[in-house]
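Enquirer: Next come a sequence and a model predicted from it.
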Amino acid sequence: MMKRVERLHGMRDLLPEEGMHQRWLVDRLGQFLELAGYARVDTPIIEQSDLFQASFGQESWQNLYAFRLHQRDLCLRPEYTASVCRLYLDHYQQQALPQRFQYAGPIFLYDAPGRGRYRQHTQLGIELFGGHEISSDAEILQLACDALQHLNITRYRLELGHVGVASSFINRLQLDNHAARLLLSLMEQISRSEEGERLAQQKLAALYPSPAMSEEAVDTEHSAAAATREERYVTSLLSGISISFGDDDARREVVERFLLKLERSEQRRKILHTLEFLRELHAVSGPPPEVFERLRALLDRYDLDPAPLEELQQLVAIVEQCGVPSEQIELNLALGREISYYTGMVFEIHAQGDDGRDSQLCGGGRYDRLMHAVGAPEDLNASGFAFRVERLLAHIPGNDLPARLATEVLVIPVSEQELPYALRVARVIRAHGVRAEVDVVGQSVSSALRLAAEREIRLALIAGEHERAKEVITVRDLVTGEEQVVDVATLSSQLVDKKKLREGR
Amino acid sequence: MMSEHGAVRLALPGKGGIEASTLAFLAECGLKVSRNNPRQYLARIKSMPEFEVVFQRAVDIPLLVQSGDADLGVTGFDILAEHRGYGDEEVDADDLDNELTLLQRELGFSKCRLVVAVPEAWIDVSNCADLWHLSGYYQSHKGRGLRIATKYPVLTSQFLRRHNITNCKIFSPHGALEAAPLTDTADLIVDLTETGTTLRENHLKLLDDGVVLESQACLIANTQLLQADAQTLKVAETVLELIDARNQARNRANLIAAMRGESAEAVQRTCHRLNQRLKTVVAGVEFRVSTPEFASDIEPGWYTISGVANVGDSAPELLEIIAVLRSAGAANINVIPLMYRFARESASVRALRERLKRKS
């Protein structure tokens, strides 16, 4: 029994029309970004998984398309940024800054596939390394908006945020690194939907379980509940006494860890506090300029540095200068991106599809610590963004997309003896840019003509014994029925002229 | 392959404790495997000559069935789960490997659990949340993730991801795992255990929520072969039918007793009162009059009542039932272990038919 090998789930084939649209889009945006100095690079599709450990949040890590080969953990790249950082470290470290790169190609996310959800996507984006913070952020934001303008996509919503606000809040609480990373990676979920917030809260509650008493009771020293809690810990300590702890270092470590565990309820309070703050931040999001006042008041109330707001104000001015009306801009300081490496400005561009569903076209921001995390001796200023090509295509007005280039000429050898001659004729006219196919069915001239008519091929070139001998060809126009015999040497220029005439050029 | 041999190939574990349990179980189901000597790799089942039995290591059986070199197979669910890359969790139906069909998740023997075990000296770790905190501690204090030794790297990494523990190194040594934490070649292990004794002896403890997978022997089949060949499907359904009926009969006994009464209706009323009282003793037993007519071999006025009870291996419970029966006036109480219990239809057979229908 021969078994049919199925296409992998979540993967799809690119058929001629969409493939052509993708290439058209990539070329168009690529040229546009080249004008701004972004050199095209590409990186291997497969990398060591470790590369993305630094760049991917704990949440997204499970979506890595990962596998093991010869005892190495490998993955299909889930994004480009970490790879481009690696590329920079491998080839450009000695060169003067700034460096500008652009890329376009497939990325892979092992999401649970559903209807219309795929595991392979096409990403196109830029990275700008080593520029001044505000200037770089302004440049990439401008390019993202202009790129959309360039594609006639104007109805979109630009969400603009700054990770600095939430992270300085978290830093001040002196949450440990592990907890801080988790919170930042959950920010996206929290700000996205109520359901997401609930899930994030569930996750936090599991990792920082409530110490079996109400929050108020925590403050009351010597409450009965607190006593039972301590008792529980002591019991677990006592039950551990018959245990061998190994050497002194091992014992010290376990004790240290145990004490850290006792502080966990304190950490829990800080985390709940942070969640509350993030919720407040999210609640004041809205379009500029009014929102700045409210945000300033909020930061003031929490005694937080307003510097990120000033940065954002400057950036909003740049965006408006690109012709983006302010009602299409939303400031959201609780905006967290799924990827946990961002350190400053972050942004997302969303548009509504025909089905009314929101789709994220673009995302990016500043990530000054990533370069160090993937192995550079120190941090390096960096910002960038990425477009999802498939989603962009869905929002480009259909008339703007190029039409498929259909075959213009079918060369028909009357018999097998004329095949070499027919092939030669095809070669000659193709050299002049005419799209020509040779009939390979080889049944009869009339069936070949029928086939050409069905496929709406305008001209048939019939190569028979007579034509071959005289180095001519019979040209039949399948629309008008006109037929004439033309010299091969002049055929090409005639065809090109006709084509121009038809296309009205 | 089936067509070459004209037989349906059934792969059975040929090594370890699971071998003996499988053979005993099949014999109970009326599928006794006859093997001339225990070193033979091929055998037959007399009651079902369609079968050709091949003995293989349990760990190789999923692949054997998947590739079509065997039509059916018995293996551990742990092995199957690791092989196919997921355990009991819901997986998008389209995303499944279509070659393997799980016919029966629980055959009822070779039970064990795949668990996370950590050094007992880790007084700060008692559940997976603690482990998440510890992975952060390792990263910040030792600059590395947790090292985890397991023979089940796929299930382990999925389990850890579900608990957000991502910075860890999972590796699979060939030797015994229990010693790895003691010798400091791993920080913790994910291993099979039945009772936990071996783990405790090696100064390891289980986490409160550290069960990665509950496992026992299971029955699998090659989906394409089931679809392609009517005989294979029929044989598979027969085996499933027998296994289902046997599992339903397991630990159950038929209780038959004689009861005096004026009429069948009167005895039926006695049964009703009896059933009420039995409800307080043990769940799921109901007695009925099985011979309403006069039976010639006993005295007139005696009726036979019967019921099926889950007596298991708990003799005291059985005696309580007997006490209730006696107090209602029952005599000659026979307790007969059930061999099979056939339901209206086999749930497994129906599930299989539905699955094949969906896939075709």
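Expert: Perfect, thanks for sending it. Numbers count the residues shown, from 1 in each chain, chains lettered A, B, ... in the order given.

Enquirer: buried ones in the longest strand seen in chain B?
Expert: Across chain B, the longest stretch assigned as strand under DSSP state E is strand B:204-215. Using 16 or more other Cβ atoms under 10 Å in any protein chain shown as the test for burial, strand B:204-215 gives B:204, B:205, B:206, B:207, B:210, B:212, B:213, B:214, B:215. Any C-beta I mention is one placed from the backbone N, CA and C, and that applies to glycine too.

Enquirer: Could you give the secondary structure assignment for the spatially closest residue to residue A:353 that is not a sequence neighbour?
Expert: Nearest non-adjacent residue to residue A:353, counting by Cβ to Cβ, 6 or more residues apart in numbering or on different chains: residue A:359, 5.4 Å away. For residue A:359, the assignment made with DSSP: H, G, I helix; E, B strand; the rest coil gives strand.

Enquirer: beta partners of residue A:359?
Expert: Under DSSP bridges, the beta-bridge partners of residue A:359 are residue A:351.

Enquirer: Give me the neighbour count for the residue of the stretch 51-200 of chain B found nearest chain A.
Expert: Proximity to chain A, evaluated over the stretch 51-200 of chain B using Cβ to the nearest Cβ, is greatest for residue B:136 at 2.6 Å. For residue B:136, the count of nearby residues is 21 (other Cβ atoms under 10 Å in any protein chain shown).

Enquirer: Return the backbone torsion pair for the residue nearest to it when sequence neighbours are not counted.
Expert: Leaving aside its chain neighbours, residue B:136 sits nearest to residue A:178 (2.6 Å; criterion: Cβ to Cβ, 6+ apart). Note on residue A:178: backbone dihedrals following degrees, to the nearest 10 are phi -60, psi -50.

Enquirer: Next, count neighbours for residue A:63.
Expert: Residues near residue A:63, counting by other Cβ under 10 Å: 17.

Enquirer: picking that back up, what's the farthest-apart pair in the buried residues of strand B:204-215?
Expert: For the buried residues of strand B:204-215, the farthest-apart pair by Cβ to Cβ is B:205 and B:215; their separation is 20.2 Å.

Enquirer: what helices or strands is the one helix or strand residue A:51 maps to leaning on?
Expert: Taking DSSP states H and E as the criterion, residue A:51 maps to helix A:50-55. Applying 3 or more Cβ pairs under 8 Å, 6 or more residues apart in numbering or on different chains; DSSP states H and E, one finds that helix A:50-55 contacts helix A:81-91, helix A:370-373.

Enquirer: What residues of it count as buried?
Expert: Within helix A:50-55, the residues that count as buried by 16+ other Cβ under 10 Å are A:51, A:52, A:53, A:54, A:55.

Enquirer: where along the stretch 1-150 of chain B do the strands fall?
Expert: Secondary structure of the stretch 1-150 of chain B by DSSP state E, counting those that start in this stretch: the strands cover B:8-13, B:33-34, B:42-45, B:51-56, B:72-76, B:100-104, B:112-119, B:146-150.

Enquirer: Please list the outside residues in contact with stretch B:183-199.
Expert: Stretch B:183-199 is touched from outside by B:78, B:111-119, B:131, B:138, B:146-152, B:155-156, B:159, B:171, B:173, B:177-178, B:180-181, B:204-206, B:212, B:215, with contacts defined as Cβ atoms under 8 Å, 6 or more residues apart in numbering or on different chains.

Enquirer: I only care about those residues that end up buried; give me the ChimeraX line for that.
Expert: With 16+ other Cβ under 10 Å as the criterion, this ChimeraX line picks the buried residues out of the contacts of stretch B:183-199:
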select /B:78,112,113,114,115,116,117,118,119,131,138,146,147,148,149,150,151,152,155,156,159,177,178,180,181,204,205,206,212,215
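
Enquirer: Let me see the contact set for residue A:72.
Expert: By Cβ under 8 Å, 6+ apart, the residues touching residue A:72 are residue A:48.

Enquirer: quick one: it and chain B, what's the gap?
Expert: From residue A:72 across to chain B, the span is 12 Å (Cβ to the nearest Cβ, to the nearest Å).

Enquirer: pLDDT below threshold where in the stretch 1-150 of chain B?
Expert: Applying pLDDT under 70 to the stretch 1-150 of chain B flags residues B:1-5, B:90-97.

Enquirer: Let's see that with 80 instead.
Expert: Scanning the stretch 1-150 of chain B for pLDDT under 80 picks out the ranges B:1-6, B:38-39, B:89-98.

Enquirer: Strands of the stretch 201-350 of chain B, start to end?
Expert: Ranges of strands within the stretch 201-350 of chain B are B:204-215, B:217-222, B:252-260, B:288-291, B:302-310, B:330-337, based on DSSP E, counting those that start in this stretch.

Enquirer: Out of those, which one sits most buried?
Expert: Highest mean neighbour count of those: strand B:217-222, a mean of 26 (counted as mean count of other Cβ atoms under 10 Å in any protein chain shown).

Enquirer: which residues touch it?
Expert: With contact meaning Cβ under 8 Å, 6+ apart, strand B:217-222 is reached by B:18, B:21-22, B:25, B:61-62, B:65-66, B:68, B:70-77, B:80, B:99-110, B:236, B:239-240, B:243.

Enquirer: just the buried members of the residues you listed?
Expert: Among the contacts of strand B:217-222, those classed as buried by 16+ other Cβ under 10 Å are B:18, B:21-22, B:25, B:61-62, B:65-66, B:68, B:70-77, B:80, B:99-105, B:107-110, B:236, B:239-240, B:243.

Enquirer: What residue in chain A comes nearest to chain B?
Expert: Nearest to chain B, among the residues of chain A, is residue A:178, at 2.6 Å (Cβ to the nearest Cβ).

Enquirer: Mind pulling the model confidence for that residue?
Expert: At residue A:178, the model reports a pLDDT of 82.

Enquirer: Might you report the residue contacts of it?
Expert: Going by Cβ under 8 Å, 6+ apart, residue A:178 touches B:132, B:133, B:135, B:136, B:137, B:139, B:140.

Enquirer: Any figure for the gap between it and residue A:458?
Expert: Applying Cβ to Cβ, to the nearest Å, the value for residue A:178 to residue A:458 is 68 Å.

Enquirer: need the residues of the stretch 51-200 of chain B near chain A, please.
Expert: Applying Cβ under 8 Å from any Cβ of the partner chain, we find that the stretch 51-200 of chain B lies next to chain A at B:92, B:94-95, B:98, B:120-124, B:126, B:129-130, B:132-137, B:139-140, B:153, B:161-162, B:164, B:166-167.
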